[in-house]
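K.L.:
Curious how this folds, go ahead:
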Amino acid sequence: MSTEEKSAAPRSLAEALRARDDVSLAALLRSRPDLVTPVPTDLTQLATRAGTRASVVRALERLDRFTLQTAEALAVAADPATYGELLGLMAGDDGDPVVTGALPRAVALLREQALVWGGDDRLRLVRTARELLAPSPQHPSPTGLGPTVREAAAGMSPGRVQEILTALGLPSTHDSVTALAGLSELFTDRERMSALLAELPADSLEVLDRLVWGPPYGQVTHDPAPHLRRLLDRGLLLPTAPGTVVLPREVALHLRAGRAHRTPEPVPPPVEAAAAHAPRVVDATAAGQALTALATVEELLKDWHEGGPAVLRAGGLSVRDLKRTAVALDVPEPVAAFWVELAYAAGLLASDGEADERYAATPAYDEWRELPAAERWARLAEAWLTATRTPGLVGGRDAKDRTLSALGPNLDRSAAPEVRHRVLALLAGLPEGSAPDGESVLARLRWERPLRGPRRDGGADQEGDLRTRLARWTLSEAELLGVTGRGALAAPGRALIGAPEPPRPVDAPEESEGPGAKLPVHHRAPAALPSPSSAERAAATAAAARLLAPLLPDPLDHVLLQADLTAVAPGPLERPLADVLGVLADVESRGGATVYRFTPGSVRRALDAGRTAADLHAFLARHSRTPVPQPLTYLIDDVARRHGRLRVGAASAYVRCDDDATLDEILADRRAAGLGLRRLAPTVLAAQADPAALLEGLRAMGFAPAAESAGGDVLVARADAHRTPPRTAPEPVPDGPPVPDDTLLAAAIRAVRAGDLASTAPRKPGPGAGEGAPAVNGELPRTSAAETLATVQAAVLTGEALWIGYVNAEGAASQRVIAPIRVEGGFVTAYDHTADEVRTYPLHRITGVAELAEDG
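P.N.:
Now for the predicted structure:
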């Protein structure tokens with residue numbers, strides 16, 4: 001390298017950033033948004049922030065496996081290293097062509113993210129990344145390599161080093177530094193090392209083979225066996241502590257044929273298709289599941305209309321209440337937790353905030369129910385896709401070994417939206433109608449976000465396991481919600497994530513069923529899609545609703561009544577019909593058709609809601625395509641005949657009835673003992689229980705009482721009476737700072753450039769400096785108020801620019817380059833080169849001022 005080239009090479013990360021153009025800086029800030037929050041004052045501060053441990057760890061965690069392997073190779077290479085040395089570590093002595101072709105992209109990505117800087121002749125890994133990735137006895141390197149000869153022999157006596165040189169046939173030296181350099185030169189010479197290893201017996205080579213791919217440390221006794229003694233005498237194993245030896249890095253690299261990693265992975269594993277279905281079958285299956293999802297959410301909130309389960313003191317749903325909900329929905333408990341959390345994420349469910357706090361539907365639920373079915377589904381799907389709450393964690397334990405409950409705290413995982421979106425994007429990359437092999441999806445995700453090598457506190461494995469579980473939950477939840485059908489991404493699901501049109505399978509069969517069917521489809525999914533804006537997300541949700549609408553059947557205005565006191569709804573029902581039938585009958589089973597069963601309790605519920613027997617007969621006759629069965633007519637008439645004969649009011653509570661024989665029957669019943677009943681008059685009983693408990697007790701005894709007001713009128717109890725106050729849906733927990741948009745990036749880069757200009761502009765010596773004394777860049781001169789005023793006034797007359805230090809009203813200090821225009825009333829009005837606009841500054845907030853040098 002020539003002297004001019006050496007002088008042009010950056011000497012620090014700040015200088016490397018200073019040489020970048022605006023497009024390159026924007027790419028850096030977009031890939032590492034934590035660097036722009038808050039906006040750095042100049043490029044030196046940006047470089048400092050980019051080298052902090054927290055920021056570097058976050059950047060390394062977002063690298064794909066091959067790029068991370070490249071950074072790990074740089075961590076065990078010389079500092080600085082040439083591109084050729086890095087290529088040798090990655091591709092090995094045989095020069096793997098696939099690795100050779102992929103390495104430029106990996107290096108470019110590391111440069112873009114400011115993890116590597118310098119030209120190809122002087123590649124430098126930022127110091128913090130090297131500390132995280134370099135091997136040490138406490139934290140082995142992911143490469144499996146140990147320390148270099150110089151590092152391993154740092155504590156070895158000079159005499160012992162000379163003995164190793166003699167055993168290897170090398171000339172002795174006067175100092176250990178030269179001796180260790182000779183050892184390193186020998187171990188990196190392929191021919192001489194091959195000859196040295198050829199002299200060793202098989203049992204010595206077997207020891208080296210066990211250590212070569214790591215861990216490089218081994219244990220020996222105070223009197224090693226002969227085959228170990230040969231290795232120690234020749235420096236092929238070096239002692240690091242009593243009883244511990246290590247394989248030097250140079251020796252391991254020779255045994256590995258120069259490769260830092262046993263298996264470099266330059267190409268992402270393909271996502272394989274496990275089965276193929278006709279696209280129309282996939283869409284129809286997904287549409288049917290979407291209808292089931294809507295019906296399940298409505299059934300859940302209908303069950304909680306009058307006030308759902310109580311909120312635990314620590315927040316959330318109790319295990320017992322979750323089991324009851326699962327039984328009511330006829331689903332397993334994990335699936336019930338998913339539906340409960342989905343309704344909560346969509347803002348349809350919340351706690352009511354009362355003293356006796358309970359869960360109930362929100363006012364937004366009533367608005368949601370009035371939307372068309374496709375729009376209701378799209379609202380649910382969008383809430384699921386963007387939510388950070390993770391239903392799959394319900395039933396697990398938190399860090400304090402407490403059970404995680406549905407709707408409770410500690411269920412947010414910031415990685416959930418990114419994993420869901422990425423899993424669906426991988427499915428979108430397959431040919432239309434293809435269901436993926438789940439393990440190939442997990443393998444692809446592990447390659448894109450490998451288990452974190454730098455996180456050595458145990459967090460890496462836990463986080464990696466969480467991402468795997470999130471991916472599995474995404475595949476099952478997407479099927480439950482109707483985003484996928486038969487495992488393949490449906491058209492509405494594709495629109496939901498904003499994916500492009502699907503690729504068409506080439507010579508693929510229209511249908512291939514069976515769990516073991518593996519199709520010869522190895523389609524590489526597209527790269528991760530950028531995070532959509534709010535407008536893009538709204539457009540995607542609307543597009544998904546438009547695609548789903550024609551797949552859903554039209555709501556029906558009729559049911560089929562049967563003689564066994566059931567009604568069959570052969571499809572989704574119109575809203576008024578579904579509402580009344582939901583009160584009049586209980587849902588017995590769901591599926592392609594919903595079966596309702598009429599019981600005395602369900603009929604009494606309709607009568608409690610204000611319906612009369614005549615209303616119910618007319619309703620059934622109007623909406624049934626079959627004649628109303630005689631048993632159902634008798635059931636309604638029988639329940640209506642007994643309904644309201646008993647009246648319950650508040651005394652604490654009382655019961656009145658025109659038939660005193662009925663009251664005699666109640667008093668004689670042993671089950672009434674707990675109600676504390678006593679007769680006040682022939683037709684009136686008083687009770688110690690409250691009216692609600694009295695109603696439930698009498699109904700349990702087989703009577704059909706009706707509640708009445710203080711005026712003696714029957715109280716109409718409606719099933720949808722209880723709602724929470726207006727509630728907003730829970731906000732997702734962000735995974736770090738948001739990615740800045742183009743407007744913010746442009747403004748941030750302009751501010752950083754201007755601040756860098758102010759901090760690096762050459763300045764004249766201050767008043768206290770000697771003649772010709774150089775100005776010290778980055779140090780703000782302290783000038784008195786009189787000197788500041790005089791310098792600013794002089795600059796107004798001469799038109800020169802000044803460099804000032806300024807402290808704003810919040811106490812934040814900054815450096816600025818200004819061209820003063822006028823000074824009056826204790827303020828200076830100037831053109832601010834940093835902000836690129838005219839501003840006015842109070843003189844008392846200017847801490848110091850200096851003139852710029854003429855060459856600045």
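
K.L.:
use CA for all of it now, contacts and neighbours both
P.N.:
OK.

K.L.:
Give the residue spans of the protein that score low on pLDDT.
P.N.:
For the chain, the stretches with pLDDT under 70 are 1-8, 451-464, 501-532, 646-651, 710-721, 758, 761-781, 834, 853-856.

K.L.:
Which helix runs longest in it?
P.N.:
The single longest helix within the chain, with elements called by DSSP state H, is helix 279-303.

K.L.:
What residues sit buried inside that one?
P.N.:
279, 281-294, 296-303 (16 or more other Cα atoms under 10 Å).

K.L.:
what do you get for stretch 590-601?
P.N.:
In terms of neighbour count (16+ other Cα under 10 Å), stretch 590-601 has its buried residues at R590, T594, V595, Y596, R597, F598, T599, P600.

K.L.:
what about the strands in the stretch 201-350 of the chain?
P.N.:
Per DSSP state E, counting those that start in this stretch, the stretch 201-350 of the chain carries strands over the ranges 217-219, 238-241, 244-246, 271-276, 349-351.

K.L.:
For the stretch 451-600 of the chain, just list every one of the helices.
P.N.:
For the stretch 451-600 of the chain, applying DSSP state H, counting those that start in this stretch gives helices covering 459-481, 491-496, 534-548, 575-584, 600-608.

K.L.:
Ok, which of these comes nearest E151?
P.N.:
Closest to E151 of the helices of the stretch 451-600 of the chain, according to Cα to Cα: helix 459-481, at 27.6 Å.

K.L.:
what is the orientation angle of the closest one with helix 279-303?
P.N.:
On the basis of axes from the mean of the first three to the mean of the last three Cα atoms, to 10 degrees, helix 459-481 is oriented at 90 degrees to helix 279-303.

K.L.:
which residues in the stretch 401-550 of the chain form strands?
P.N.:
Taking DSSP E, counting those that start in this stretch, the strands of the stretch 401-550 of the chain run over residues 434-436, 484-485, 488-489, 522-523.

K.L.:
What sits closest to the residue nearest the centre of the chain if chain neighbours are left out?
P.N.:
Centroid check for the chain by Cα atoms, centre = their mean gives A415 as the closest residue, at 1.3 Å. Nearest residue to A415, sequence neighbours excluded (Cα to Cα, 6 or more residues apart in numbering): D735, at 6.3 Å.

K.L.:
cool, and R625?
P.N.:
L560 (5.6 Å).

K.L.:
So what sits opposite that neighbour in the bridge?
P.N.:
Following DSSP bridges, L560 is listed with bridge partners V568.

K.L.:
Test my guess that it contacts A567.
P.N.:
Yes: using Cα atoms under 8 Å, L560 is in contact with A567, at 5.4 Å.

K.L.:
So which of the two has more stuff around it?
P.N.:
Set L560 next to A567 and count neighbours by other Cα atoms under 10 Å: A567 wins out with 25 against 17.

K.L.:
ok, now which ones touch T388?
P.N.:
Taking Cα atoms under 8 Å, 6 or more residues apart in numbering as the criterion, T388 is in contact with L411, D412, R413, S414, A415, A416, P417, P732, V733.

K.L.:
Could you measure from the first one over to P332?
P.N.:
In this case it means L411. Distance, L411 to P332, by Cα to Cα, to the nearest Å: 19 Å.

K.L.:
who has more neighbours, those two?
P.N.:
Of the pair L411 and P332, L411 is the one with more neighbours under other Cα under 10 Å, namely 19 against 13.

K.L.:
if I pick the more buried one, what's in contact with it?
P.N.:
Going by Cα under 8 Å, 6+ apart, L411 touches T388, R389, T390, P391, L393, V394, L404.

K.L.:
Leaving out chain neighbours, which residue sits closest to G408?
P.N.:
Spatially, and ignoring its direct neighbours in sequence, G408 is nearest to G316 (3.6 Å; Cα to Cα, 6+ apart).

K.L.:
Mind telling me what element L25 is part of?
P.N.:
Here L25, judged by DSSP states H and E, is contained in helix 22-31.

K.L.:
helix or strand right after that helix?
P.N.:
Using DSSP H and E, the helix or strand that follows helix 22-31 in sequence is helix 43-50.

K.L.:
Which elements pack onto the helix or strand following that next one?
P.N.:
Following helix 43-50 in sequence order, the next helix or strand is helix 53-61 (DSSP H and E). If you count contacts as 3 or more Cα pairs under 8 Å, 6 or more residues apart in numbering; DSSP states H and E, helix 53-61 packs onto helix 127-133.

K.L.:
Show me the contact partners of the following helix or strand past the helix it packs on.
P.N.:
The first helix or strand that comes after helix 127-133 along the chain, using DSSP H and E, is helix 149-152. For helix 149-152, the surrounding residues in contact (Cα under 8 Å, 6+ apart) are L180, A181, L183, S184, L238, P239, T240, V246, P248, R249, E250.
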